[in-house]
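S.K.: Just the structure for this:
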Amino acid sequence: MNGETLQACRIVIAARHALKEKKPIKFNLIKYENSVVFEFLPMKTTFTEKSRKAFDVNEWFQECLSRELVDIKLLMPLMVKDRGVLGFSNSSQNTLVCFYKNGMVTYFTSYWEYDSSSGLWDCTYTEHLWENPPQGIPIFDDNTDGFIKVFEKIKILAHEINCVEFADIFANAQSILIDGTDETSEIGISLPIKNYNLFMAASTADVFGAMGSWNDSPPYMAHEKGLDSLYNELSEELLKQQRLAIQYAVNQW
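M.R.: Residues are numbered from 1 along each chain as shown. All right, here's what the predicted structure looks like:
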(Lines give C-alpha, C1' and ligand atoms only; values in the text may rest on other atoms or scores of the structure.)
Protein backbone atom coordinates (compact mmCIF):
# COMPACT_ATOMS: atom_id res chain seq x y z
CA MET A 1 0.00 0.00 0.00
CA ASN A 2 1.07 3.57 -0.67
CA GLY A 3 3.17 4.67 2.31
CA GLU A 4 1.26 7.89 2.94
CA THR A 5 -2.07 6.06 3.03
CA LEU A 6 -0.66 3.26 5.13
CA GLN A 7 0.59 5.62 7.82
CA ALA A 8 -2.74 7.47 7.95
CA CYS A 9 -4.55 4.14 8.28
CA ARG A 10 -2.25 2.98 11.04
CA ILE A 11 -2.70 6.20 13.01
CA VAL A 12 -6.49 6.07 12.78
CA ILE A 13 -6.66 2.38 13.67
CA ALA A 14 -4.34 2.86 16.65
CA ALA A 15 -6.27 5.91 17.87
CA ARG A 16 -9.63 4.16 17.57
CA HIS A 17 -8.34 1.13 19.50
CA ALA A 18 -7.06 3.44 22.24
CA LEU A 19 -10.38 5.30 22.43
CA LYS A 20 -12.46 2.13 22.57
CA GLU A 21 -10.23 0.40 25.10
CA LYS A 22 -9.49 3.58 27.11
CA LYS A 23 -5.78 2.74 26.97
CA PRO A 24 -2.62 4.52 25.77
CA ILE A 25 -2.15 4.55 22.03
CA LYS A 26 0.26 2.01 20.53
CA PHE A 27 2.09 3.24 17.45
CA ASN A 28 5.61 2.78 16.14
CA LEU A 29 7.29 4.22 13.08
CA ILE A 30 8.16 1.70 10.40
CA LYS A 31 11.36 1.24 8.41
CA TYR A 32 11.07 4.12 5.93
CA GLU A 33 9.65 6.68 8.41
CA ASN A 34 12.00 9.07 10.17
CA SER A 35 9.63 11.34 12.08
CA VAL A 36 6.03 12.46 12.38
CA VAL A 37 5.04 15.90 13.68
CA PHE A 38 1.57 17.34 14.27
CA GLU A 39 0.91 21.08 14.05
CA PHE A 40 -2.26 22.06 15.92
CA LEU A 41 -4.44 25.07 15.32
CA PRO A 42 -3.18 28.06 17.34
CA MET A 43 -4.78 28.34 20.76
CA LYS A 44 -6.14 31.82 21.48
CA THR A 45 -5.21 33.37 24.83
CA THR A 46 -6.10 36.77 26.23
CA PHE A 47 -3.37 38.62 24.37
CA THR A 48 -2.02 36.27 21.72
CA GLU A 49 -2.29 33.00 19.84
CA LYS A 50 -0.14 30.12 21.06
CA SER A 51 1.20 27.55 18.58
CA ARG A 52 1.22 23.90 19.61
CA LYS A 53 3.13 20.98 18.13
CA ALA A 54 3.33 17.28 18.97
CA PHE A 55 6.46 15.41 18.00
CA ASP A 56 5.08 11.88 17.98
CA VAL A 57 1.74 10.08 17.72
CA ASN A 58 1.43 9.53 21.47
CA GLU A 59 1.85 13.24 22.22
CA TRP A 60 -0.65 14.10 19.48
CA PHE A 61 -3.20 11.65 20.87
CA GLN A 62 -2.82 13.02 24.40
CA GLU A 63 -3.49 16.53 23.12
CA CYS A 64 -6.60 15.30 21.28
CA LEU A 65 -7.82 13.56 24.44
CA SER A 66 -7.35 16.78 26.41
CA ARG A 67 -9.80 18.37 23.97
CA GLU A 68 -12.27 15.49 24.59
CA LEU A 69 -11.84 13.58 21.37
CA VAL A 70 -14.74 11.16 20.84
CA ASP A 71 -13.88 9.61 17.46
CA ILE A 72 -11.47 9.81 14.53
CA LYS A 73 -11.99 8.80 10.91
CA LEU A 74 -9.90 8.53 7.78
CA LEU A 75 -11.34 10.32 4.75
CA MET A 76 -9.98 10.19 1.22
CA PRO A 77 -11.34 11.25 -2.19
CA LEU A 78 -12.75 8.46 -4.34
CA MET A 79 -11.47 10.06 -7.54
CA VAL A 80 -8.37 12.01 -8.54
CA LYS A 81 -7.83 14.25 -11.56
CA ASP A 82 -4.78 12.30 -12.69
CA ARG A 83 -4.08 8.74 -11.49
CA GLY A 84 -0.55 9.14 -12.84
CA VAL A 85 0.44 11.44 -9.97
CA LEU A 86 -0.30 8.74 -7.39
CA GLY A 87 3.27 7.51 -7.79
CA PHE A 88 4.57 10.74 -6.28
CA SER A 89 4.65 12.00 -2.71
CA ASN A 90 1.86 14.20 -1.31
CA SER A 91 -0.70 12.99 -3.84
CA SER A 92 -2.92 10.67 -1.78
CA GLN A 93 -5.01 13.46 -0.18
CA ASN A 94 -5.74 11.53 3.01
CA THR A 95 -7.22 13.41 5.95
CA LEU A 96 -7.47 12.46 9.62
CA VAL A 97 -10.79 13.83 10.87
CA CYS A 98 -11.24 14.38 14.62
CA PHE A 99 -14.65 14.67 16.26
CA TYR A 100 -14.84 16.34 19.69
CA LYS A 101 -17.42 16.26 22.47
CA ASN A 102 -18.28 19.95 22.06
CA GLY A 103 -19.21 19.39 18.40
CA MET A 104 -16.01 20.82 16.96
CA VAL A 105 -14.54 18.93 14.00
CA THR A 106 -10.97 19.38 12.81
CA TYR A 107 -8.92 17.56 10.20
CA PHE A 108 -5.22 16.97 9.62
CA THR A 109 -3.57 17.01 6.20
CA SER A 110 -0.10 15.58 5.68
CA TYR A 111 3.07 16.73 3.96
CA TRP A 112 5.86 14.23 3.31
CA GLU A 113 9.48 15.21 2.78
CA TYR A 114 12.47 12.98 2.03
CA ASP A 115 15.48 13.37 4.33
CA SER A 116 18.49 12.61 2.13
CA SER A 117 20.86 12.43 5.11
CA SER A 118 18.97 9.56 6.76
CA GLY A 119 17.38 8.09 3.64
CA LEU A 120 14.02 8.21 5.44
CA TRP A 121 10.82 10.24 5.26
CA ASP A 122 9.55 12.99 7.56
CA CYS A 123 5.83 13.69 7.76
CA THR A 124 4.06 16.75 9.12
CA TYR A 125 0.31 16.75 9.79
CA THR A 126 -1.35 20.19 9.91
CA GLU A 127 -4.68 20.75 11.65
CA HIS A 128 -7.53 22.70 10.05
CA LEU A 129 -10.94 23.66 11.41
CA TRP A 130 -13.83 22.05 9.51
CA GLU A 131 -16.37 24.82 9.39
CA ASN A 132 -19.98 23.69 8.90
CA PRO A 133 -19.17 19.95 8.93
CA PRO A 134 -21.86 17.36 8.08
CA GLN A 135 -24.19 16.47 10.91
CA GLY A 136 -23.06 13.44 12.87
CA ILE A 137 -20.09 11.13 12.46
CA PRO A 138 -20.00 9.54 8.98
CA ILE A 139 -20.96 5.89 8.49
CA PHE A 140 -19.24 3.77 5.82
CA ASP A 141 -20.77 0.90 3.84
CA ASP A 142 -19.26 -2.51 3.15
CA ASN A 143 -18.36 -2.50 -0.58
CA THR A 144 -17.17 -6.12 -0.81
CA ASP A 145 -19.57 -6.96 -3.66
CA GLY A 146 -18.57 -3.95 -5.75
CA PHE A 147 -14.90 -4.65 -5.14
CA ILE A 148 -15.27 -8.27 -6.28
CA LYS A 149 -17.11 -7.18 -9.44
CA VAL A 150 -14.41 -4.76 -10.54
CA PHE A 151 -11.71 -7.38 -9.95
CA GLU A 152 -13.64 -9.82 -12.13
CA LYS A 153 -13.69 -7.34 -15.00
CA ILE A 154 -10.24 -5.80 -14.68
CA LYS A 155 -8.38 -9.11 -14.45
CA ILE A 156 -9.97 -10.10 -17.80
CA LEU A 157 -8.78 -6.80 -19.26
CA ALA A 158 -5.28 -7.40 -17.89
CA HIS A 159 -5.15 -10.75 -19.70
CA GLU A 160 -6.44 -9.19 -22.91
CA ILE A 161 -3.60 -6.63 -22.95
CA ASN A 162 -1.00 -9.25 -21.96
CA CYS A 163 -0.41 -7.90 -18.45
CA VAL A 164 -0.48 -11.29 -16.75
CA GLU A 165 1.33 -10.10 -13.64
CA PHE A 166 -1.43 -7.55 -12.98
CA ALA A 167 -4.12 -10.13 -13.73
CA ASP A 168 -2.55 -12.27 -11.00
CA ILE A 169 -2.55 -9.33 -8.56
CA PHE A 170 -6.25 -8.67 -9.20
CA ALA A 171 -7.06 -12.37 -8.87
CA ASN A 172 -5.19 -12.57 -5.55
CA ALA A 173 -7.01 -9.52 -4.18
CA GLN A 174 -10.36 -10.94 -5.30
CA SER A 175 -9.53 -14.24 -3.61
CA ILE A 176 -8.89 -12.44 -0.32
CA LEU A 177 -12.39 -10.96 -0.47
CA ILE A 178 -14.03 -14.28 -1.31
CA ASP A 179 -12.01 -16.74 0.77
CA GLY A 180 -10.33 -14.51 3.35
CA THR A 181 -6.65 -14.51 4.16
CA ASP A 182 -4.43 -16.05 6.82
CA GLU A 183 -1.66 -13.61 5.97
CA THR A 184 -0.49 -11.67 9.01
CA SER A 185 0.26 -8.01 8.58
CA GLU A 186 3.94 -7.27 9.17
CA ILE A 187 3.01 -3.92 10.68
CA GLY A 188 0.49 -5.22 13.21
CA ILE A 189 -2.80 -4.04 11.70
CA SER A 190 -5.52 -5.25 14.08
CA LEU A 191 -9.06 -5.23 12.67
CA PRO A 192 -12.20 -7.43 12.70
CA ILE A 193 -12.00 -10.23 10.11
CA LYS A 194 -14.22 -8.63 7.43
CA ASN A 195 -12.45 -5.28 7.82
CA TYR A 196 -9.05 -6.97 7.74
CA ASN A 197 -9.86 -8.85 4.53
CA LEU A 198 -11.02 -5.64 2.86
CA PHE A 199 -7.90 -3.83 4.04
CA MET A 200 -5.58 -6.56 2.76
CA ALA A 201 -7.41 -6.78 -0.58
CA ALA A 202 -7.13 -3.00 -0.97
CA SER A 203 -3.44 -3.15 -0.08
CA THR A 204 -2.83 -5.97 -2.57
CA ALA A 205 -4.64 -4.04 -5.30
CA ASP A 206 -2.72 -0.80 -4.75
CA VAL A 207 -1.34 -0.78 -8.30
CA PHE A 208 -1.43 2.95 -8.97
CA GLY A 209 2.14 4.16 -8.79
CA ALA A 210 4.98 5.25 -11.03
CA MET A 211 7.35 3.14 -13.14
CA GLY A 212 6.25 -0.48 -13.37
CA SER A 213 2.77 0.24 -12.04
CA TRP A 214 -0.68 -0.08 -13.64
CA ASN A 215 -0.18 3.58 -14.64
CA ASP A 216 2.97 2.79 -16.65
CA SER A 217 2.83 0.37 -19.61
CA PRO A 218 -0.77 -0.95 -19.34
CA PRO A 219 -2.47 2.19 -20.78
CA TYR A 220 -0.29 1.99 -23.89
CA MET A 221 -0.87 -1.74 -24.19
CA ALA A 222 -4.62 -1.12 -23.91
CA HIS A 223 -4.37 1.60 -26.56
CA GLU A 224 -2.70 -0.79 -28.99
CA LYS A 225 -5.73 -3.08 -28.72
CA GLY A 226 -8.29 -0.27 -28.90
CA LEU A 227 -9.24 -0.70 -25.25
CA ASP A 228 -8.43 2.80 -23.98
CA SER A 229 -11.96 3.54 -22.79
CA LEU A 230 -12.32 0.23 -20.99
CA TYR A 231 -8.91 0.64 -19.35
CA ASN A 232 -9.81 4.11 -18.05
CA GLU A 233 -13.30 3.07 -16.95
CA LEU A 234 -12.12 0.03 -14.99
CA SER A 235 -9.07 1.80 -13.55
CA GLU A 236 -11.28 4.60 -12.24
CA GLU A 237 -13.69 2.08 -10.74
CA LEU A 238 -10.85 0.10 -9.18
CA LEU A 239 -9.46 3.19 -7.47
CA LYS A 240 -12.93 4.10 -6.21
CA GLN A 241 -13.61 0.62 -4.82
CA GLN A 242 -10.15 0.40 -3.29
CA ARG A 243 -10.65 3.66 -1.42
CA LEU A 244 -14.16 2.71 -0.35
CA ALA A 245 -12.72 -0.54 1.02
CA ILE A 246 -9.98 1.26 2.94
CA GLN A 247 -12.43 3.68 4.52
CA TYR A 248 -14.84 0.93 5.56
CA ALA A 249 -12.02 -1.25 6.89
CA VAL A 250 -10.38 1.50 8.93
CA ASN A 251 -13.45 3.40 10.11
CA GLN A 252 -16.41 1.07 10.50
CA TRP A 253 -15.84 -1.14 13.55
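S.K.: Mind checking the pLDDT average for stretch 166-175?
M.R.: What stretch 166-175 shows for mean pLDDT is 98.
S.K.: Ok, stretch 120-131 next?
M.R.: For stretch 120-131, mean pLDDT is 97.
S.K.: Stretch 93-103 now?
M.R.: For stretch 93-103, mean pLDDT is 96.
S.K.: Next one: R83 from T204, what distance?
M.R.: Here R83 is placed at a distance of 18 Å from T204 (C-beta to C-beta, to the nearest Å). Where you see a C-beta, it was placed from the backbone N, CA and C, and this is true even at glycine.
S.K.: can you pull out the strands in the protein?
M.R.: 33-44, 49-54, 69-75, 95-100, 105-115, 120-129 (DSSP state E).
S.K.: Start and end of stretch 19-30, how far apart?
M.R.: Across stretch 19-30, the terminal residues are separated by 22 Å (C-alpha to C-alpha, to the nearest Å).
S.K.: cool, stretch 36-56 as well?
M.R.: End-to-end span of stretch 36-56 (C-alpha to C-alpha): 6 Å.
S.K.: outside of it, which residues touch it?
M.R.: Defining contact as C-beta atoms under 8 Å, 6 or more residues apart in numbering, one finds that stretch 36-56 is touched by 7, 29, 35, 57, 59-60, 62-63, 106, 108, 122-129.
S.K.: before we move on, back to that, wait, which of the strands of the chain is closest to E233?
M.R.: For those, distance to E233 was read as C-beta to C-beta. The smallest value, 24.7 Å, belongs to strand 69-75.
S.K.: now that closest one against strand 105-115, angle please.
M.R.: Note on geometry: by axes from the mean of the first three to the mean of the last three C-alpha atoms, to 10 degrees, strand 69-75 and strand 105-115 are set 60 degrees apart in direction.
S.K.: what lines up beside strand 69-75 in the sheet?
M.R.: Using DSSP bridges, the strands paired with strand 69-75 are strand 95-100 (antiparallel).
S.K.: List the buried residues in the partner strand.
M.R.: By neighbour count on 16 or more other C-beta atoms under 10 Å, the buried set for strand 95-100 is 95-99.
S.K.: Off-centre distance for that strand?
M.R.: 14 Å (C-alpha atoms, centre = their mean, to the nearest Å).
S.K.: now what about it, what contacts it?
M.R.: 8, 11-12, 64, 67-76, 105-109, 125, 130, 137.
S.K.: re earlier: how about JSON lines for the buried residues of strand 95-100, with distance to G226 added?
M.R.: Converted to JSON lines, those look like this (distance: C-beta to C-beta, whole Å):
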{"residue": "T95", "distance to G226": "39"}
{"residue": "L96", "distance to G226": "43"}
{"residue": "V97", "distance to G226": "43"}
{"residue": "C98", "distance to G226": "48"}
{"residue": "F99", "distance to G226": "49"}
